[in-house]
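**Student:** this is a predicted model, with the sequence first.
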Amino acid sequence: MKYVILVGDGMGDYPVAQLGDKTPLEAAQIPTIDELCKNGELFLNRTVPEGFPPGSDVANMSLLGYAPALYYTGRSPLEAAAMGVELADDETAFRCNMVTLERGSDGSVQMVDFSAGHISNEESHQLITALNNECANEMFTFHPGVSYRHLMVLKGAHPGFETVPPHDYIEQNVSEFFNRYLQDSTWKELIEKIEKTLADHPVNQTRIAAGKAPANMVWLWGEGKMPSAPPLTSRFDISGSMISAVDLLKGLGVVGGLSILDIEGATGYIDTNYEGKAQAAIESLKVQDFTFVHLEGPDEAGHKGSLEDKMQAIEDFDSRIVKPILDYLVEAEEEFRMVVTMDHFTPLAIRTHTTDPVPTIIYDSRRPTPGCGRAFNEKEAIAIDRELGNGIEAGHTMIEKLLEQ
């Protein structure tokens, strides 16, 4: 038996007027996923427990079978695990976004772009190297990640202020949150050095000359210490792989004891290497029991507020990820159970995450029970939940349902 979880990050949405009050998932052409849903079980899964922020860290932790109440220590420690950065007991990892801020004449600070225009790896790694050369010391060190997503490690006591995700404040005044970094003299000195280093760097001068958003500041958030959790491999006696462009998911894979497969050309956006991801999943399923494939594109399109990109990302997820993996398993005459889902909603109207329970399919190739006969979208999942009451309230238990024999 093979087990597969396929995640379209942030696919969930609300009705959109341009789509005749359909959601993007409802309007998109997803024949493979709809066929799986029709012949499988459809239900709502609450991936974000009450009281937790609706982040990809919490939601994907649930999808991988870890109860956030027991194991969640923050987003960045998981990304540190993916990068191979080991945290000492007195160290805290912070997510370090490359962002574009705008200063007002009144001293206010506006979050123009939480991703600095989805800056490339080549550019952002030059900037992180410069920050390490100019700003790092015995307290602060910087580590390069993917695109705008990097890591800063603090040695010593946490400064005590609360941080917030930059993607929750797109095109909003973030003065209150930015000024928190300036309340402590040590942190104020760090921020001022960072700002000067980034402003003077040739990468940013070139981006400005080309009309692109400069990475003129970092945004530190999602901090925490390294979690300790039982690996999935020993908990369920399985072997498996994690396939994702982003360090957060790779870090969850490390915690789970999964093989981390790095895919060349995986960008975390709609231009990612879909075929490379699907083929890596197929190759892993030839020798392992389980694979988890994560596609970031729908979430990034939601944050961007782009209906066109979100529709494209959903349709590419169906035709270039789900279909080839399904075709392989059918042609190989493997018995398998497959989950198709999302971690959370990223509605276009608000451009950030919500806590809504997510539509989820479990398809069993042995067809032990009649399928639900429905298409895969938010409205059908809500309707069947009202009809059957088959939703899962503790999202981390969904993996136990998948791994039933």
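**Tutor:** Great, that's in hand.
**Student:** export stretch 254-268 as CSV, just CAs?
**Tutor:** C-alpha atoms of stretch 254-268 as CSV (Å, rounded to 0.1, in the frame of the first residue of the first chain):
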residue,chain,number,x,y,z
VAL,A,254,13.1,16.6,8.9
VAL,A,255,11.1,16.5,12.1
GLY,A,256,9.0,13.7,10.7
GLY,A,257,12.1,11.7,9.7
LEU,A,258,11.2,11.9,6.0
SER,A,259,13.7,12.1,3.1
ILE,A,260,13.9,15.7,1.9
LEU,A,261,14.0,15.9,-1.9
ASP,A,262,15.4,19.1,-3.4
ILE,A,263,13.9,19.8,-6.8
GLU,A,264,15.8,22.0,-9.2
GLY,A,265,13.7,24.8,-10.4
ALA,A,266,11.2,24.6,-7.5
THR,A,267,10.5,28.3,-6.9
GLY,A,268,7.5,28.4,-4.5
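**Student:** in it, what's buried?
**Tutor:** By 16 or more other C-beta atoms under 10 Å, the buried positions in stretch 254-268 come out as Val254, Val255, Gly256, Gly257, Leu258, Ser259, Ile260, Leu261, Ile263, Ala266, Thr267, Gly268. The C-beta positions use only the backbone N, C-alpha and C, and glycine is treated the same way.
**Student:** quick check: nearest residue in space to the fourth one, chain neighbours excluded?
**Tutor:** This means Gly257. Nearest non-adjacent residue to Gly257, counting by C-beta to C-beta, 6 or more residues apart in numbering: Pro231, 2.9 Å away.
**Student:** and the end-to-end length of stretch 153-173?
**Tutor:** 27 Å (C-alpha to C-alpha, to the nearest Å).
**Student:** and it, how far out from the chain's middle?
**Tutor:** Averaging C-alpha positions (C-alpha atoms, centre = their mean, to the nearest Å) puts stretch 153-173 18 Å from its chain's average.
**Student:** and for Asp385, the neighbour number?
**Tutor:** Asp385 has 16 neighbours, counted by other C-beta atoms under 10 Å.
**Student:** just to revisit the earlier point, in the buried residues of stretch 254-268, which has the lowest confidence score?
**Tutor:** Ranked by pLDDT, the buried residues of stretch 254-268 bottom out at Gly268 (81).
**Student:** quick check: that residue vs Asp299, distance?
**Tutor:** Applying C-beta to C-beta, to the nearest Å, the value for Gly268 to Asp299 is 9 Å.
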